[in-house]
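> After the sequence you'll find the predicted model.
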Amino acid sequence: MFSPRRKVAAGVGAAVIAGTAGLVAIAPSASAGTVTPTFSCVTLLGTSTGAISVSVELTPDNSPAGADLQAVVDLGAPPVTSPLAFDNVVSTTRVEYTWGGTASGTGVMVSPTTTISIPAGPAPDIPAFTAIAPVTIPAGATPGGATLTVTKFINKVTIPGFGDQEQVCTVTGGNGPAETITVKAPPAPATAVVAPTTIQQGSGGTVTGTGWEGAISGVDLCAGATCQPYPVNTIAVGSGGALTGGFTIVDQVPPGAYTLKITSDSGQIASTNTFTVTGVPPVTAATNPTSGDLGAATTVSGTNWPAGNVTVQGLKQDNTPTTDAPVTVPVAADGTFSTPYTVNDANTRKIGVTNGTKNATAAYTVKVGQQVTTAIEGEVIGGGLNFQQAGTGITLTPITLNGKPQTMNGSLNQVKVQDFRGTTLGWDLTGQITDFTSPAVSGVISGDRFTWTPACAVTNPDSPSQVVTGSAGTVGALCSQTANAPGQVSGGEFTADAATKLAVPAWQLSGTYTATLTLTLI
């Protein structure tokens, strides 16, 4: 095996730059072919002719038509020189080739872009590089030896301050294949069959087939054209190319129609027959008979239970266990079980079955002697919403005019509210006030000057509702009770009081003023 060589030639102005390419220098193996044809290299200075070594390695070197191969290319030094040295030069190389032997066609191998330094003097070797795209064996290639012959390469460099320059080198003589590979016959048709054709979630299937080569490299679960890798399998190629193994349908795979797409590392791909994934039916529990006397046994049975054991236990109405001992029962291969269960607890309302992760219940009624049922009916009549006031008038404290604003104080006669309706409704107690007038002197004091400070209270401690006190200020809301949620009765006994004030202007006609305060309960 030989080491790759770094080869760069550069020129500025009338010179030509021959660049280098390859992010990683890779040494071709000893099996790679090496030829030294004569190249004619065209530069800005003109044309130079000389022998340049060419080595190409393709891997793998034994593949069917249409296969992609990795290409490692190593070119010798071109017959050019650079009078100056440069740094930070961006370089790429493009190598053209033709197929021969059992394959025909042309192609291109391109190096990665890299940054290099170009020394002054003769061009050094261009480093070996791995082509950025694979080389594909022509689809029409036939089994046998196929050759790859380099016909031309183009070295492009970009020098800071000088721009792009190219060196185009074309083979003019002494050429031959730089690499020979073996095109192998395409793999034989492979088959794959899934059984059974109906598989329940949590269960599995087997896969058989013939004609397989190499090892299985991929298994996809496909719903129509949509496929996803499916690692829950043990599928492998056995002796004689036989396909063996199986797979499990996990619970996350939804019910539906599916196929498996199986791929081998020899390039074989085969899809299985269609199979159906079904959901897991719910577990069941039943009692027979569904009722009985204390001390009697009922047969508890169930279906669709996973393999293992189930526990049978009497349950109360709230699903807590009764005092009867639980019974452990094995599940048959078909997912069924059956066992007698004796009920001794009068609180038994159902029989529960569980395996720790799945649960089911069956109703059961305990017979306690001879029973006669009688319907009992009674009517609860609502008592209504009422209120009473402990007086009909409010007397405000008198004032004597003195040239300053003054306040007349008073108290609302207490109001008692009784809500005996037996509903979920609320209520509101509000007030309205007229202007204060003194007809004898035609005097008026606006009703807006009359304010109150409500005080509301619950008088019956058993009242289901609370009372809300209105805000202090002008007459409006006095007390209220909010409605309750459905099924929660509202009501109670309450009192409503209020301290009152009348703001009298400094200059007001003297006299006796009256107004009307109206209280409304709705």
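Yep, that arrived.
> secondary structure element for the nearest residue to Pro289 once chain neighbours are set aside?
Residue nearest to Pro289 in three dimensions, not counting chain neighbours: Thr298, with 5.8 Å by CB to CB, 6 or more residues apart in numbering. All C-beta spots, glycine's among them, are computed from the backbone N, C-alpha and C. Using DSSP states H and E, Thr298 sits within strand 297-302.
> which helices and strands does that strand pack with?
Contact analysis of strand 297-302 by 3 or more CB pairs under 8 Å, 6 or more residues apart in numbering; DSSP states H and E lists strand 286-288, strand 337-342, strand 350-354 as its packing neighbours.
> how about these in JSON lines, adding mean pLDDT and distance to Thr151?
Below are the helices and strands packed on strand 297-302 laid out as JSON lines (pLDDT from 0 to 100; distance: least, CB to CB, whole Å):
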{"stretch": "strand 286-288", "mean pLDDT": "97", "distance to Thr151": "84"}
{"stretch": "strand 337-342", "mean pLDDT": "97", "distance to Thr151": "79"}
{"stretch": "strand 350-354", "mean pLDDT": "97", "distance to Thr151": "78"}
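> Give me whichever of those is most buried.
strand 350-354 (a mean of 21; mean count of other CB atoms under 10 Å).
> one step back: so which of the helices and strands packed on strand 297-302 gets nearest Asp419?
Among the helices and strands packed on strand 297-302, the nearest to Asp419 by CB to CB is strand 350-354 (42.7 Å).
> Residue ranges of each domain in the protein, please.
33-184, 193-278, 286-367, 385-521 (automatic domain parsing).
> Off-centre distance for the shortest one?
Spelled out, it's domain 286-367. 40 Å (CA atoms, centre = their mean, to the nearest Å).
> returning to that earlier point: can you give me the angle the strand holding Thr298 makes with strand 350-354?
Following axes from the mean of the first three to the mean of the last three CA atoms, to 10 degrees, one obtains 40 degrees for the angle between strand 297-302 and strand 350-354.
> Just the CA trace of strand 297-302, in CSV.
Only the C-alpha atoms of strand 297-302 are listed here, as CSV (Å, rounded to 0.1, in the frame of the first residue of the first chain):
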residue,chain,number,x,y,z
ALA,A,297,-72.4,-20.5,45.7
THR,A,298,-72.5,-18.8,42.3
THR,A,299,-70.3,-19.8,39.3
VAL,A,300,-68.0,-16.9,38.2
SER,A,301,-66.7,-17.2,34.7
GLY,A,302,-64.8,-14.9,32.2
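> any idea which helix or strand carries Val207?
Using DSSP H and E, Val207 falls in strand 204-208.
> can you give me the helices for the stretch 51-200 of the chain?
With helices called from DSSP state H, counting those that start in this stretch, the stretch 51-200 of the chain shows none.
> where in it is pLDDT low?
Where the stretch 51-200 of the chain drops to pLDDT under 70, the residues are 124.
> Swap in 90 and give it another go.
Within the stretch 51-200 of the chain, the stretches with pLDDT under 90 are 64, 77-86, 89, 116-127, 159, 161-162, 165, 185-189.
> on that earlier part again, can you list the strands that the strand holding Thr298 pairs with?
Taking DSSP bridges as the criterion, strand 297-302 sits next to strand 286-288 (antiparallel), strand 337-342 (antiparallel) in its sheet.
> What about Gly422, how many residues nearby?
14 (other CB atoms under 10 Å).
> With distance to Ala440 added, can I get the strands paired with strand 297-302 in TSV?
Shown next, in TSV, are these (distance: least, CB to CB, whole Å):
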stretch	distance to Ala440
strand 286-288	93
strand 337-342	96
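> Figure out which of these is closest to Leu260.
Per CB to CB, nearest to Leu260 of the strands paired with strand 297-302: strand 337-342, 34.4 Å.
> Quick check: which of the strands paired with strand 297-302 is nearest to Leu294?
That would be strand 337-342 among the strands paired with strand 297-302, by CB to CB, at 9.5 Å.
> hmm, who's touching that closest one?
If you take CB atoms under 8 Å, 6 or more residues apart in numbering as the criterion, strand 337-342 is touched by 287, 295-302, 305, 310, 312, 314, 324, 327, 329-331, 351.
> Can I get it as CSV, trimmed to CA atoms?
The C-alpha coordinates for strand 337-342 follow below in CSV (Å, rounded to 0.1, in the frame of the first residue of the first chain):
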residue,chain,number,x,y,z
PHE,A,337,-61.9,-19.4,33.4
SER,A,338,-64.7,-20.7,35.6
THR,A,339,-65.0,-21.3,39.4
PRO,A,340,-67.6,-21.6,42.1
TYR,A,341,-67.6,-18.7,44.6
THR,A,342,-69.5,-18.8,47.9
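> hang on, the earlier thing: could you pull out the buried residues of the strand holding Thr298?
By neighbour count with 16 or more other CB atoms under 10 Å, strand 297-302 contains the buried residues Thr298, Val300, Ser301, Gly302.
> Equivalent analysis for stretch 142-151, please.
Those would be Ala146, Thr147, Leu148, Thr149, Val150, for stretch 142-151 by 16+ other CB under 10 Å.
> Now do the same for the strand holding Val207: mean pLDDT, whole number.
Averaging pLDDT along strand 204-208 yields 96.
> for stretch 511-521, same thing?
97.
> which residues sit against the strand holding Thr298?
283-290, 292, 310, 312, 336-343, 351, 353, 360, 362, 364.
> How far does stretch 241-248 sit from its chain's centre?
The answer for stretch 241-248 is 33 Å, by CA atoms, centre = their mean.
> gap between the two ends of it?
Using CA to CA, to the nearest Å, the end-to-end distance of stretch 241-248 comes to 23 Å.
> The chain should start at 31 in everything you say after this.
Noted, 31 is the first residue going forward, which turns the last one into stretch 271-278.
> buried stuff in that stretch?
Gly271, Leu273, Gly275, Phe277.
> Look up phi and psi at Arg479.
phi -80, psi 0 (degrees, to the nearest 10).
> and it, how many residues sit next to it?
Using other CB under 10 Å, the number of residues around Arg479 comes to 18.
> list the contacts for it?
Phe466, Leu532, Ala533, Val534.
> what residues are up against the residue lying closest to Ala115 once chain neighbours are set aside?
Spatial nearest neighbour of Ala115, chain neighbours left out: Ala150 (4.5 Å); criterion: CB to CB, 6+ apart. Contacts of Ala150 were listed using CB under 8 Å, 6+ apart, and they are Ala40, Ser112, Pro113, Leu114, Ala115.
> Reformat the residues you listed as TSV; add neighbour count.
Shown next, in TSV, are the contacts of Ala150 (neighbours: other CB atoms under 10 Å):
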residue	neighbour count
Ala40	29
Ser112	23
Pro113	12
Leu114	16
Ala115	13
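> would a markdown table of those with distance to Asp104 be doable?
Shown next, in a markdown table, are the contacts of Ala150 (distance: CB to CB, whole Å):
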| residue | distance to Asp104 |
| --- | --- |
| Ala40 | 20 |
| Ser112 | 21 |
| Pro113 | 27 |
| Leu114 | 26 |
| Ala115 | 24 |
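> Out of those, flag the one nearest to Thr289.
The closest of the contacts of Ala150, once distances to Thr289 are taken by CB to CB, is Ala40, at 59.4 Å.
> If I look at that closest one, what pLDDT would I see?
At Ala40, pLDDT is 32.
> before we move on, what about Ala51?
With respect to pLDDT, Ala51 has a value of 33.
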